[in-house]
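**Q** turn this into a structure:
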Amino acid sequence: MKSTFSILFFLSVAFFGFYACEGVNNPEDEQNAASANTIAAKINGKDTVLAISRVILTDYPAENNKPAHQQLTLITMGSRPGFSIDFYINDSSGNLEINKNYPVGGATSGTAFTTVYLRSYADEYGYPSVSTATPNPDLYYAKITELSGTTVKGYIKFNVGGNFDFEGTFYANQVE
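**A** This is a model prediction of the structure:
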């Protein structure tokens, strides 16, 4: 009887421990948030941190049959050899909104969209090759969770060419 109780106790502790840790790997959680001016991400399942070199919030006026809109530009520091990521979150229906999904895929996604460029550097002196993220509004999107003054926080998930899965949180306190 004592060994049966011990086994049941061990299994219940293991089950509850697993259940309690179930959401820890969700990059949208605050626990996995990036530190200042970085993107804390998983690339093809591997943890990495990318430095953010520039963040620009731009208000575009209405002109030439285009409505007024707002764009957040985020650029990571590239390394040679290596890569950098640039992404642009756009809302042509007005101002960027908090906790709104901005699907990856460019302007074909509607009035709220994200465009992502992956720049790969083959060597120290060569030109980068540039790839755009795969459009799939159901799977890939960006979301801004905070935007105030010079601070922006958020989440982005995208894929490039079926072989570069990216998912992570970003935080910058240097919005221009």
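**Q** flag the shaky bits of this protein, pLDDT-wise.
**A** Applying pLDDT under 70 to the chain flags residues 1-33, 80-81, 107-110.
**Q** the helices in it, which residues?
**A** Secondary structure of the chain (DSSP state H): helices at 2-20.
**Q** any idea where the strands of it begin and end?
**A** For the chain, the strands defined by DSSP state E occupy 38-43, 46-60, 69-76, 82-91, 101-103, 112-121, 129-132, 141-148, 151-160, 164-172.
**Q** by contact count, what packs against the longest one?
**A** Just to be clear, that refers to strand 46-60. Here strand 46-60 touches strand 38-43, strand 69-76, strand 164-172, going by 3 or more CB pairs under 8 Å, 6 or more residues apart in numbering; DSSP states H and E. Where C-beta positions appear, they are placed from N, C-alpha and C, glycine not excepted.
**Q** give me the sheet partners of the second one and which way each runs.
**A** I take that to be strand 69-76. Applying DSSP bridges, strand 69-76 is found paired with strand 46-60 (antiparallel), strand 82-91 (antiparallel).
**Q** count the neighbours of Ile75 for me.
**A** For Ile75, the neighbour count with other CB atoms under 10 Å is 17.
**Q** residue contacts, it?
**A** Ile52, Ser53, Arg54, Val55, Ser84, Ile85, Asp86 (CB atoms under 8 Å, 6 or more residues apart in numbering).
**Q** give me that answer again for 7 Å
**A** Neighbour list for Ile75: Ser53, Arg54, Asp86 [criterion: CB atoms under 7 Å, 6 or more residues apart in numbering].
**Q** now it, which residues is it bridged with?
**A** Arg54, Asp86.
**Q** relative to Gly168, how far out is it?
**A** Using CB to CB, to the nearest Å, Ile75 is found at 15 Å from Gly168.
**Q** all set, thanks.
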